[in-house]
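Asker: What shape does this take:
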Amino acid sequence: MEIVYLNEPFKIQELPLTKVYVLDDWLAQPLHHFYDEQISHNNIWSKTNQVAGGSSTGLPHHSFWGATFFRNDYKMDDDTPTETTWFTRYLDRRLQTEFGFKWVRFQYAGLNSQTQGLQGTTHQDCDMNDEWNLSFLYYPNKFWNKSWGGKLRLYDEGQQGLDGRDEHIKNHQIGEIEFKPNRLIMCDGRIPHGADAPEPSARYMDRRSLVIRGDEVRFEEEGENYHANDRLSYIR
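Answerer: The predicted model follows:
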């Protein structure tokens, strides 16, 4: 799997994506820090983000702390603080503007949080039939020590649960991306992937990611963008 490191966004011309794209320092520092503070100092988090398992116990393969902003028809969770939700919507519109697409079938926007011991199992974001999908990951942490780990791993096939994970990494990993603050990743959501838990040295620090994805997009038409650089009036 080819991983391409970008200096700036680009207008997508073809789908499905055949490469994984990484853009560092996506947001200006004030916006990056604003979002990190918004999601760090409120009560939006719950232990709800799960990858379902096939066990007769009904237990999931993994379970993260998470917060859901939007699903399918952009319905908002009434318990989510308005300012945080608006800014997440701004980020979604900014992605569409900078990469030149519109959602046809939007799927999900929400947060994941992993602390040490919360290992991510291999999963896919989109169905194999959804060739015109897009999946974005954004890392809003303000600070992260490289020794704390948290890599994103990409695979050529899926795996059920954590049993045999080391062998799966050895035999099927096709790429890895370091966890880094203010980093944006764009890929085909059908690629099997999983995120490492932070190392014990991270102690209480959590590896946070914003996920924005859809099952089908179309390319934008001329004059159709959202003017992503417009001033955000609610940011002081």
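
Asker: As a check, name the ranges of all strands in the chain.
Answerer: 3-6, 20-23, 46-51, 62-71, 75-76, 101-114, 134-139, 152-155, 173-177, 183-187, 193-195, 207-219 (DSSP state E).

Asker: Out of those, flag the one nearest Thr84.
Answerer: strand 62-71 (7.8 Å; CB to CB). All C-beta atoms are positioned from the backbone trio N, CA, C, and that covers glycine.

Asker: neighbouring strands for that closest one, and are they parallel or not?
Answerer: Here strand 62-71 is paired, per DSSP bridges, with strand 46-51 (antiparallel), strand 75-76 (antiparallel), strand 101-114 (antiparallel).

Asker: what is the mean pLDDT for that strand?
Answerer: If you average the pLDDT over strand 62-71, you get 80.

Asker: Same check on stretch 157-164?
Answerer: 75.

Asker: try stretch 221-236
Answerer: pLDDT averaged over stretch 221-236 gives 54.

Asker: Could you list the low-confidence segments of this structure?
Answerer: Across the chain, residues meeting the criterion (pLDDT under 70) sit at 47-63, 75-81, 161-162, 223, 225-236.

Asker: Try it again at 80.
Answerer: Low-confidence segments of the chain (pLDDT under 80): 45-65, 73-83, 159-164, 222-236.

Asker: which strands and helices sit next to the helix ranked longest in it?
Answerer: If you go by DSSP state H, the chain has its longest helix at helix 82-99. Packing contacts for helix 82-99, counted by 3 or more CB pairs under 8 Å, 6 or more residues apart in numbering; DSSP states H and E, involve helix 29-40, strand 62-71, strand 101-114, strand 134-139, strand 207-219.

Asker: among the ones you listed, which is nearest Val22?
Answerer: strand 134-139 (9.6 Å).

Asker: pull the CA atoms of the closest one into PDB?
Answerer: Taking C-alpha atoms only, strand 134-139 is exported to PDB below (Å, rounded to 0.1, in the frame of the first residue of the first chain):
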ATOM      1  CA  LEU A 134     -14.200   8.100   1.500                       C
ATOM      2  CA  SER A 135     -12.900   7.800   5.000                       C
ATOM      3  CA  PHE A 136     -11.100  10.500   7.000                       C
ATOM      4  CA  LEU A 137      -9.200  10.400  10.300                       C
ATOM      5  CA  TYR A 138      -8.100  13.500  12.100                       C
ATOM      6  CA  TYR A 139      -5.900  13.500  15.200                       C
END
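
Asker: For that strand, enumerate its sheet partners and note whether each is parallel or antiparallel.
Answerer: Partners of strand 134-139 in its sheet, by DSSP bridges: strand 183-187 (antiparallel), strand 207-219 (antiparallel).

Asker: out of the ones you listed, deepest packed?
Answerer: strand 183-187 (a mean of 23; mean count of other CB atoms under 10 Å).

Asker: buried set for stretch 195-207?
Answerer: Neighbour counts over stretch 195-207 (16 or more other CB atoms under 10 Å) mark Ala195, Asp196, Ala197, Pro198, Ala202, Met205, Asp206, Arg207 as buried.

Asker: Nearest to Glu178, out of those: which one, please.
Answerer: Asp196 (10.2 Å).

Asker: ok, for that closest one, nearest residue in space, not its chain neighbours?
Answerer: Lys151 (4.8 Å; CB to CB, 6 or more residues apart in numbering).

Asker: Please determine how far that neighbour is located from Arg105.
Answerer: 30 Å (CB to CB, to the nearest Å).
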